[in-house]
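K.L.:
got a structure for you, letters missing:
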């Protein structure tokens, strides 16, 4: 009864699925030579020598404090007639508890209304001058052409002083945040980074807090306002002015617009250092149908900005996998093995706690091989000294990168801010290149021993569980892969939660009992189901009849016109409607019609030719369900989900061939079971994947053991 | 050494559009072998961007070798007669530089950003690539797999990653824009030795390239070095293949559904628009600004803020050498019917078609356009690329200073007119992106 004919629906709509076929690489046997060497070109053989190097000069900045404690940093740059103002708070991170997300909400809300302006007014005035304005929990960034700078500052400071936190905007933000969270469930990079946060730092640390639907729902507007009132103070903040502005002008602007900002006491917070990672832990977040695995090998490190060995540690990390093509991870996993488009590593410093992460996206089949290579490269760096050549390359590339960064005036501003923020010596950045050049092979080894520890790391994978997870046990110290949802909440291990003695067939038998018992089910000889659905504003009616588990028909009509029909007389079937007519005597469609003639489809499972595997317990909506894998005699697989609570079928999924297109996965959900003639029937059935929108079918009637006119099953 | 055929002219001094805009000065000339050279001096930081843009993109590919232009871009980092496999990277990084390349529908672009005392190195590397690139079997096999991983990472495993591929596949029937730049897996597998040779000879010829250099250079020294490294590179072919297919007008709206690994449905509407550089193209760009730039834009304000039907809305035009497309799209907020969102987007477009925009809103668009244009030239690497683009596509390098005029020539009436003409339901593809039912 539950298997409404899906083909028919599919045939009436064009169906598309992205092609995800992969084929094995074809091997070319020939060696490429695109031209012959000409002796006249011998002079080209070697790379040309460098000319005399120009000095790398750091630009100047000016800084001073306003009376309210706001530190102003000004960097002049007159290349473009633009100017930017960045207000940057220097507060301790906040532990958000059960309202993770509220701090960021507070920052966003500041730009969503002031005592005199609605969000729409603010947006209109910013866009009118072609400017940008961005508010966040850590400050405000605004930029525009120089000629609009006074207008821009007026808006920026209105937002700073007079945010009104309107409730309507708050509710809107919540809806958007919840929708945003939904999208992160299919984004493997977000999944991996959520797991990294939780596993590296723990939920007691601000860096270990991850937004969830629950935490967003908990956020209160009062808390957001409280955050603003408490933390938006000038006495622990920077105002950074960069661009086509002279210093005097900028000073005047700073005083005029930010001078009246009231200082106040700002709470400070301290946090316990996260526990170091013990052993290698493999953690997995499942993304169904993923064709790549996102790999993160990660752990927290004790590395602070300005720390003496910071530049040495950076050199070490760049040899491993910093942002260059010559990095070892890139060379090994991409240029040699072709496992990935890019493999890198990052070592970050932070006042509270830094982190190391080595990462790549790799195809499913090489996920475990890639983890092996990551670990190999990490160990090699710890155990073997690097060559002088490798070291020099990285030092040169870091020198070049430093020089390139100076093209932007924002870099000088950032250096200035960091110098104050982290209490660095005045010449910290002036001497950066000297410190870099002094890094030795021994330094690199020492840093690798200190900061690279593949044996005590979180090995995090976001990818296709079925394809990949079983290959990863070998990397875990205890041999157990832990599973998490997209937000880093640990999932129960199926093996531990399944009651003993339960298997696929017992679930099916419990289902028969819940429907009304085997005797009642076997008494159902004929059945007519009538259902209604709404399709693009029009009513669609469906009628299906089954007799003796051998005969079957289905009619689908809209506005009185028959759109499609199927009839099956036990020997052959007919698919017709809308002027087309097709008789089927074998093949997939024939088999499907034959199956559908069986009133309680699951009774077929008793024939001994079906394999029923219990795959575990999963959540279907807010219900827990047993997941069964059904393998038909031909080998075709489908899945059914039975409620743990009442044993009724609540969902099924199967893959259907679609003529002229990619196969489609169809999900059917069953709800609203009601008794008819002693048997439970679902009165709401939702078909997902057959049409461009979920098709919700409501049962008008189920008639058991009525008389069905024989012509209904007539094929000829 | 051959004499250089120099046409040097300073960019015209007239018509500085905005008193505030700092003009980009440059020199340009063409070598005997047809290589066009553009130089821009900026001594503020001791770095130089060396770039070569080849006038070949995915639209020059054969229909059974899609993705080849991009695949070939990867192969051209493999080496040359004088550069061993892997050495492109090490030469540049050892010199303190960075390098990369990218491929579009219309062109392929290679660049190095180096300390300015390494200009010769950049010229040598690029001239080696143009003169006698070399690819070993290991390189071919490796890069083919790397490109497949790139495809998986960017398209197949990326929520909504296939939007461009699926939209253009239906917006074009005959023009090569119908296939994705990165190509299809089976074509990547099918490429053979002769394909590489042909592609190199057909497109990697100096008369099909622009050498664009920006940064801390001395004009005369740079010219001497350019003559040395590029002057003797022979022309490989005189006539470079350009596709001639003219895409006929759409026969009516195309609607389709794509199932993707996503959570929230999205509607994607792709309109066919004129080629970049045409007057109507600039009007379509202004229309795009009206629709989706900034939170006061029509689509954002109405759909995200007021009606809250969308989590995200956007509109962008794909300015292409041959007539391209503009894509308006929205991702539904949770629980919103995708048809509702589609209707609401259509209503906003109809409003523009039916009512002329106000002077104030029109001024806003002009201000936004001015600000964007001026902000575009902040780095030498970006300037080198823009200069090459303007020459390659429009044969008018001075547009780096003057293109804004073309935007500002657009009138309110033009915006309404192009909204009617191109954002017409018979001139579009509508795709519904729906969550693929969870695999068991």
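P.N.:
That came through fine. All of these numbers come straight from a predicted model, not from anything done at the bench.
K.L.:
CA only for contacts and neighbour counts going forward, please
P.N.:
Fine.
K.L.:
can you pull the contacts of the residue minimising distance to the centre of chain B?
P.N.:
The structure's chain B has its C-alpha centroid closest to residue B:104; by Cα atoms, centre = their mean the separation is 5.2 Å. By Cα atoms under 8 Å, 6 or more residues apart in numbering or on different chains, residue B:104 lies in contact with B:57-58, B:70, B:181.
K.L.:
isn't residue A:568 right up against residue A:574?
P.N.:
Yes: between residue A:568 and residue A:574 there is a contact under Cα atoms under 8 Å: 6.4 Å.
K.L.:
Looking at those two, which is more packed in?
P.N.:
residue A:568 (27 against 23; other Cα atoms under 10 Å in any protein chain shown).
K.L.:
Pipe the contacts of residue B:104 into CSV and attach pLDDT per row.
P.N.:
Supplementary listing: these in CSV, determined by pLDDT from 0 to 100:
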residue, pLDDT
B:57, 97
B:58, 96
B:70, 94
B:181, 94
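K.L.:
rewinding a little: please determine how far the residue nearest to the centre of chain B is located from chain A.
P.N.:
Separation of residue B:104 from chain A (Cα to the nearest Cα, to the nearest Å) stands at 18 Å.
K.L.:
Quick check, pLDDT for that residue.
P.N.:
For residue B:104, the pLDDT comes out at 95.
K.L.:
which residues touch residue A:264?
P.N.:
So, once contact is read as Cα under 8 Å, 6+ apart, residue A:264 ends up touching A:233-235.
K.L.:
Does it belong to a helix, a strand or coil?
P.N.:
Secondary structure state of residue A:264, per DSSP: H, G, I helix; E, B strand; the rest coil, is coil.
K.L.:
Just the pLDDT for it.
P.N.:
So, for residue A:264, pLDDT stands at 95.
K.L.:
So what does it look like in phi/psi?
P.N.:
phi -170, psi 170 (degrees, to the nearest 10).
K.L.:
next helix or strand past the helix or strand that contains residue A:613?
P.N.:
Taking DSSP states H and E as the definition, residue A:613 sits inside strand A:611-620. Toward the C-terminus, strand A:611-620 is succeeded by strand A:623-631 as the next helix or strand (DSSP H and E).
K.L.:
What number of residues are in the vicinity of residue A:233?
P.N.:
Burial of residue A:233 is recorded as 22 neighbouring residues (other Cα under 10 Å).
K.L.:
Without its sequence neighbours, what residue ends up closest to it?
P.N.:
The shortest distance from residue A:233 to any non-neighbouring residue, by Cα to Cα, 6 or more residues apart in numbering or on different chains, is to residue A:263 (5.3 Å).
K.L.:
Just want the residue of the stretch 1-150 of chain B that's nearest chain A.
P.N.:
Nearest residue of the stretch 1-150 of chain B to chain A, counting by Cα to the nearest Cα: residue B:96, 3.9 Å away.
K.L.:
Distance check, that residue against residue A:534.
P.N.:
Distance, residue B:96 to residue A:534, by Cα to Cα, to the nearest Å: 65 Å.
K.L.:
what's the answer for residue A:139, then?
P.N.:
Distance from residue A:139 to residue A:534, counting by Cα to Cα: 49 Å.
K.L.:
after the helix or strand of chain A with the lowest mean pLDDT, next one along is what?
P.N.:
Within chain A, no helix or strand scores below strand A:16-17, which has a mean of 24 by mean pLDDT, DSSP states H and E. Counting by DSSP H and E, the element after strand A:16-17 in chain order, helix or strand, is strand A:62-65.
K.L.:
neighbouring contacts of that following strand?
P.N.:
A:71-75, A:247.
K.L.:
give me that answer again for 7 Å
P.N.:
A:71-75 (Cα atoms under 7 Å, 6 or more residues apart in numbering or on different chains).
K.L.:
In strands, which of those residues appear?
P.N.:
Judged by DSSP state E, strands contain the following of the contacts of strand A:62-65: A:71-75.
K.L.:
quick one: secondary structure of the residue in the stretch 51-200 of chain A that chain B sits nearest to?
P.N.:
Closest to chain B within the stretch 51-200 of chain A is residue A:130: 3.9 Å, counting by Cα to the nearest Cα. Counting by three-state DSSP, the backbone at residue A:130 sits in coil.
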